[in-house]
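*Asks:* Sharing a sequence plus its predicted fold:
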Amino acid sequence: MKLPFFTQLRSSLDAASQWYIRTPERALERAYKAALMIKAIEDEHFDGNKISSDSKKYRENALSYFIIKLNKYLKDARLSLSEFHSSTSIVSLANQNRTRSTLDGSEYRNVAELENRETQSITLEKLKFIDDVISKYQSQPKRSSSPSPSSSSALMPVSQSKLVEANLDKGELYNQPVYFDKSKVIGEAETMTDTTSFVPRSILSTLDRLKRDFNPKSEEEVVKNFRISQTKTIISIRFILVLILVPLLTQQVTKTFLVAPLVERVRDENKTEIFLNVDLEEEAFHDLQRFEQLLKFRTLVGLAPKLSPEEMEEEVKEKAFELTEEYRHKSANAIKNVFADIFAAGAFYVLLINSRREIEIFKGFIDDVVYGLSDSAKAFIIILFTDVFVGFHSPHGWEVILEGISRHLGLPENRDFNYLFIATFPVILDTIFKYWIFRYLNRISPSAVATYRNMNE
């Protein structure tokens, strides 16, 4: 009975020892996760820049929310780093003694070197990342005339590069505690919180507006801004019209005066087939069959004079000749469309290349129009576009579009391709919509996203 008890006790002590030995690793992991959260907020909402009250993208409430999150993660990182530095030397010494008690000489040195090489690279990468993130929010330490060892401002952070150079060969990375200024970890974030919470931004914006109203040059600035906005609107509308009309005119002009004569000459000289694809042939056959049945029906009901079999055959032959000319023209027209569309695409590309300035102005105009809408209007437009292009009834619309494109270019209709396109493209489009809402609209107009969700539900 005693043996299982002591065995269980020993296993419990070993588990507790292992848990204690992993204390620096757990503390470093918590600090690393806190730094990752700060970096994620910077990338998602501040374009990779530091979280600052000077940002013009958000108002008071949103900035206060981000500052609170920043302070929380900075505090977690600071406490976790303190735990890491305080527990590293003790745990490292215990591990070193344990290894020495089981291994001797060269065998001990080889194992120690392997362990240090594995842990040092990971630890240094995490510490470097944490330092890079936290250093943005560290305030400058106050200089003291009589520095003392107990003063936190006198404890300067040790450079990671120097630490690596000093201890990489000896394998004593964990034996060197790194001291840092505790007041630096929160730093500027607390000052930003006090600043944003002391005077609301709405009051400051109101004061700025009053200041502009009393400015004697405010009228000139208003007129100047109006003229700039008017010019931007005119350039944007003109650019849209040019972008639409020039490719259309290019397509029609090249098709009529350049492509059509060449296609007609080539088809007449080579005596090409009447039907460009099987679909056109089947369509012509159904038209001829319908004409013959309609002719018989009109004769039977007395709407047309009774025809003899020879006269009936003559009427059908005449109709077949008309259909031949009609579908010959359709086949030639499809070939013309292909080459004319190539010229139109080239004209569109040339316009885009030579209109970089207009594109920038148009982009700003669209931003002003879209982001100037109310939250309800934004949500309505988003729901409208998503329902039309990726909604429940959108496959029918995509099928009509694909059939129209195939007919325009003279391509045979491929049901397998249509079904595959309808099954994949709307899904990709829906993913792009959701990513845009999550990545951009949620950052610029959170209330519009909330309105969209309520309307969508």
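*Replies:* Great, that's in hand.
*Asks:* So for stretch 82-95, mean pLDDT?
*Replies:* Mean per-residue pLDDT for stretch 82-95: 67.
*Asks:* So that it lines up with my notes, have the first residue be 35 from now on.
*Replies:* Yep, numbering from 35; the last one is stretch 116-129 now.
*Asks:* what about Phe377, neighbour count?
*Replies:* Neighbour count of Phe377, defined by other CB atoms under 10 Å: 17. Every C-beta, even on glycine, is put in place using the N, C-alpha and C of the backbone.
*Asks:* meant to ask about Asn95, not that
*Replies:* By other CB under 10 Å, 11 other residues sit near Asn95.
*Asks:* and what of Lys91?
*Replies:* By the measure other CB under 10 Å, the count of residues near Lys91 is 11.
*Asks:* what's the distance between it and Phe100?
*Replies:* Remark: distance between Lys91 and Phe100 (CB to CB, to the nearest Å) = 10 Å.
*Asks:* what's the overlap in contacts for the two?
*Replies:* Common neighbours of Lys91 and Phe100, using CB atoms under 8 Å, 6 or more residues apart in numbering, are His79.
*Asks:* surely Asn371 meets Leu445?
*Replies:* No. With contact defined as CB atoms under 8 Å, Asn371 does not count as touching Leu445 (10.6 Å).
*Asks:* Next one: Val280, what pLDDT does it get?
*Replies:* Confidence at Val280, expressed as pLDDT, is 94.
*Asks:* how much space between it and Gln286?
*Replies:* From Val280 across to Gln286, the span is 11 Å (CB to CB).
*Asks:* Looking at those two, which one has more neighbours?
*Replies:* Between Val280 and Gln286, Val280 has the larger neighbour count (other CB under 10 Å), namely 15 against 12.
*Asks:* helix, strand or coil for the more buried one?
*Replies:* Val280 falls in the helix class when you classify it by DSSP: H, G, I helix; E, B strand; the rest coil.
*Asks:* which residues sit in contact with the closest residue to it other than its chain neighbours?
*Replies:* Of all residues not flanking Val280 in the chain, Ala381 sits nearest, at 5.6 Å (CB to CB, 6 or more residues apart in numbering). Neighbour list for Ala381: 280-281, 284 [criterion: CB under 8 Å, 6+ apart].
*Asks:* 10 Å instead?
*Replies:* Each residue near Ala381 by CB atoms under 10 Å, 6 or more residues apart in numbering is listed here: 277, 280-285, 288.
*Asks:* what distance separates whatever helix or strand Ala484 lives in from the centre of its chain?
*Replies:* Ala484 is part of helix 480-490 when elements are defined by DSSP states H and E. Chain-centre distance of helix 480-490: 19 Å, with CA atoms, centre = their mean, to the nearest Å.
*Asks:* Run a quick neighbour tally on Thr57.
*Replies:* Close neighbours of Thr57, defined as other CB under 10 Å, add up to 16.
*Asks:* Now the helix or strand harbouring Ile271: buried residues?
*Replies:* Assigned by DSSP H and E, Ile271 falls within helix 252-288. Buried residues in helix 252-288, defined by neighbour count with 16 or more other CB atoms under 10 Å: 269-270, 273, 277, 281, 284-285, 288.
*Asks:* what's stretch 318-331 in contact with?
*Replies:* If you take CB under 10 Å, 6+ apart as the criterion, stretch 318-331 is touched by 308-309, 337-338, 341, 345-347, 349-350, 352-354, 356-358, 360-362, 364.
*Asks:* and these, which of them are in helices?
*Replies:* The members of these that map onto helices under DSSP state H are 345-347, 349-350, 352-354, 356-358, 360-362, 364.
*Asks:* Neighbour count says what about those residues? Which are buried?
*Replies:* Among those, those scoring as buried are 353, 357, 361-362, 364 (criterion: 16+ other CB under 10 Å).
*Asks:* And stretch 333-351, end to end?
*Replies:* For stretch 333-351, the first-to-last residue distance is 18 Å (CA to CA, to the nearest Å).
*Asks:* How far away from the center of its chain is it?
*Replies:* On the basis of CA atoms, centre = their mean, stretch 333-351 sits 67 Å off its chain's mean C-alpha point.
*Asks:* can you check stretch 330-341 too?
*Replies:* With CA atoms, centre = their mean, you get 66 Å for stretch 330-341.
*Asks:* Nearest residue to Lys412 in space, please, no chain neighbours.
*Replies:* Ala482 (4.2 Å).
*Asks:* got the contact list for that neighbour?
*Replies:* Residues in contact with Ala482, defined by CB under 10 Å, 6+ apart, are 405, 407-413, 415-416, 471, 475-476.
*Asks:* neighbours around the nearest residue to Asn311 once chain neighbours are set aside, how many?
*Replies:* Spatial nearest neighbour of Asn311, chain neighbours left out: Pro446 (4.2 Å); criterion: CB to CB, 6+ apart. Other residues lying near Pro446 total 11 when counted by other CB under 10 Å.
*Asks:* Ok, the one 10 residues further on next?
*Replies:* Counted with other CB under 10 Å, residues neighbouring Ile456 total 18.
*Asks:* in which helix or strand would I find it?
*Replies:* Per DSSP H and E, Ile456 falls inside helix 449-470.
*Asks:* Could I get the average pLDDT for the helix or strand following that helix?
*Replies:* Remark: after helix 449-470, the chain's next helix or strand is helix 476-478, criterion DSSP H and E. Averaging pLDDT along helix 476-478 yields 72.
*Asks:* So what touches helix 476-478?
*Replies:* Defining contact as CB under 10 Å, 6+ apart, one finds that helix 476-478 is touched by 78-81, 91-92, 96, 401, 404-405, 412, 470, 482-484, 486.
*Asks:* Was I right to think Leu385 contacts Leu283?
*Replies:* No. Between Leu385 and Leu283 there is no contact under CB atoms under 10 Å: 11.9 Å.
*Asks:* any residues in contact with both of those two?
*Replies:* Common neighbours of Leu385 and Leu283, counting by CB under 10 Å, 6+ apart, are absent.
*Asks:* Can you pull the phi/psi pair for the residue of the chain positioned farthest from its centre?
*Replies:* Within the chain, Ser342 marks the point farthest from the mean C-alpha position, 71.8 Å out by CA atoms, centre = their mean. Note on Ser342: its backbone torsions stand at phi -80, psi 160 [degrees, to the nearest 10].
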